[in-house]
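[1] Take a look and give me a structure for this.
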Amino acid sequence: MMIVDMCQVNHLMVIGIDTYHDTLKRGRSVAGFVASLNNTCTRYFTCARFQQPGEELHNNLQTFMTSNVGSAVRHRRCVF
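    Got it, this is the predicted structure:
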């Protein structure tokens, strides 16, 4: 297990992504994305998208990441 000293890390971004599948309404699922915007991981960018039946999670990953990086750059006023 790697332990990171948060005080010494610049431009750290923690990202989480998951999918919810509705068992009652087969074929309905939601992809969720969250990513930290600051070095202390106390501000977040979040996004969720409904997925079509059979659509894979990675289909939304580019949209999530593009939106997130734009938000992070505006928040941090820097480029990664």
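
[2] Buried residues in the one helix or strand in the chain whose mean pLDDT sits lowest, which are they?
    When each helix and strand of the chain is scored by mean pLDDT, DSSP states H and E, helix 58-76 comes last, with a mean of 73. Across helix 58-76, burial judged by 16 or more other C-beta atoms under 10 Å covers 60, 64, 68, 71-72, 76. Any C-beta I mention is one placed from the backbone N, CA and C, and that applies to glycine too.

[3] now swap in stretch 24-34 and tell me
    Those would be 29, 31-34, for stretch 24-34 by 16+ other C-beta under 10 Å.

[4] same thing with stretch 40-47?
    So for stretch 40-47, counting by 16+ other C-beta under 10 Å, buried means 45, 47.

[5] gap between it and the chain center?
    Offset of stretch 40-47 from its chain centre (C-alpha atoms, centre = their mean, to the nearest Å): 9 Å.

[6] what's it in contact with?
    6, 12, 14, 32-37, 63-64, 67-68, 71-72, 75 (C-beta atoms under 8 Å, 6 or more residues apart in numbering).
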